[in-house]
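Student: Quick one, what's the 3D model for this:
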Amino acid sequence: MKSGFLVICMWLFLSVDSSTVDENNCLDYCLGAVKPVFDHYQQLTNSADTKKKLLSSKDDLIKEKVKQIEEKEKQIRELSDLLLRSTCPIEGAPDKDQWIPIQKRYDGSLLFNRTWSEYKNGFGNCRGEFFIGLEKLHNLTSSQQYQLLINLGDVNGSTGWALYDDFKIGNESEAYYLKSLGEYRGTAGDSLTRSIPMKFSTLDRDNDTDPDENCAVRLGGWWFYHCAKSSLNGVYYKNGTTPNIDGIFWSSWKSDYYTISLTFAEMKIRSMKKPHSL
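Tutor: Okay, the predicted model is just below:
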């Protein structure tokens, strides 16, 4: 920029008649001629600095708003967790191995073939047969890492279990898809990992990959791939068998070509903030 001004000064000097302007006042003449350029440059600099400050201020404001939104979301999740804890029995000693029940089947007293809205908000009573609700489940599992424990039982009294160490589901705009399960261990086999990353299906919301039917109409709400592998929200049969392949099943345990319907199933989660032993 300085070299540009020197060029301008030289041009002005050469263009002036030396007989009328002596060397002593040449510098004053050049500076007077160039001063408007300096002033305009300063105005541009000041304007650029002002705009930069405004942009920086807007960036800071956006960051602050994002921080506030994240804090509100955290508060909502914590309130949801608190509400759940105040209405449902939490298994385990205080602050140790606490399990939060999210689903339970044991006597067939409650219909599980329900709509999207009902599965979203939950139904039943957690002291009996119930489903916690997908929205609450999303809020919980998106706030921190949770284990998922599934306990199963048949009409003869046999039991099995499946444990996953990183259970997460998406939000409603993502159809509460099964986002993560983590590592499996247990005695019932793994009949759920195949459902990753399937969206949740209900009788009025077909999100499975079966081209011939909506699996949830027959088997209740679940993360269906096709209509196999597992469904813990199917029809309850007290005698432990089903003629219609529409019962409660976990195909890697007591399946027998889906003619067996389990008489007990429960799902529960617990935080992984602290080390646990099953």
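Student: From now on I want contacts and neighbour counts done on CA atoms only, so please keep to that.
Tutor: Will do.
Student: Grab the nearest non-local neighbour of residue 196.
Tutor: Take residue 196 and drop its neighbours on the chain: the residue closest to it by CA to CA, 6 or more residues apart in numbering is residue 178, 5.4 Å away.
Student: do residue 236 as well
Tutor: Using CA to CA, 6+ apart, the closest residue to residue 236 is residue 108 (5.2 Å).
Student: Check what pLDDT the one you found gets.
Tutor: Looking at residue 108, its pLDDT is 97.
Student: and if you look at residue 6?
Tutor: 51.
Student: count of neighbours near the closest residue to residue 124 other than its chain neighbours?
Tutor: Nearest in space to residue 124, with sequence neighbours left out and distances taken as CA to CA, 6+ apart, is residue 130 at 4.2 Å. By other CA atoms under 10 Å, the residues close to residue 130 number 21.
Student: Equivalent analysis for residue 269, please.
Tutor: 25.
Student: Output the contacting helices and strands for the helix or strand harbouring it.
Tutor: Element membership of residue 269 [criterion: DSSP states H and E] is strand 264-271. Contacts defined by 3 or more CA pairs under 8 Å, 6 or more residues apart in numbering; DSSP states H and E place strand 264-271 against strand 100-105, strand 146-153.
Student: Of all these, which one is nearest residue 215?
Tutor: Residue 215 lies closest, by CA to CA, to one member of these: strand 100-105, at 19.3 Å.
Student: Output the contacting helices and strands for that closest one.
Tutor: Against strand 100-105 (3+ CA pairs under 8 Å, 6+ apart) you get strand 130-131, strand 264-271.
Student: Could I get the CA-only coordinates of it as CSV?
Tutor: C-alpha atoms of strand 100-105 as CSV (Å, rounded to 0.1, in the frame of the first residue of the first chain):
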residue,chain,number,x,y,z
ILE,A,100,-34.7,-48.9,35.2
PRO,A,101,-37.5,-51.1,33.9
ILE,A,102,-38.6,-50.2,30.3
GLN,A,103,-40.8,-53.2,29.3
LYS,A,104,-42.5,-56.2,31.0
ARG,A,105,-44.7,-59.1,29.9
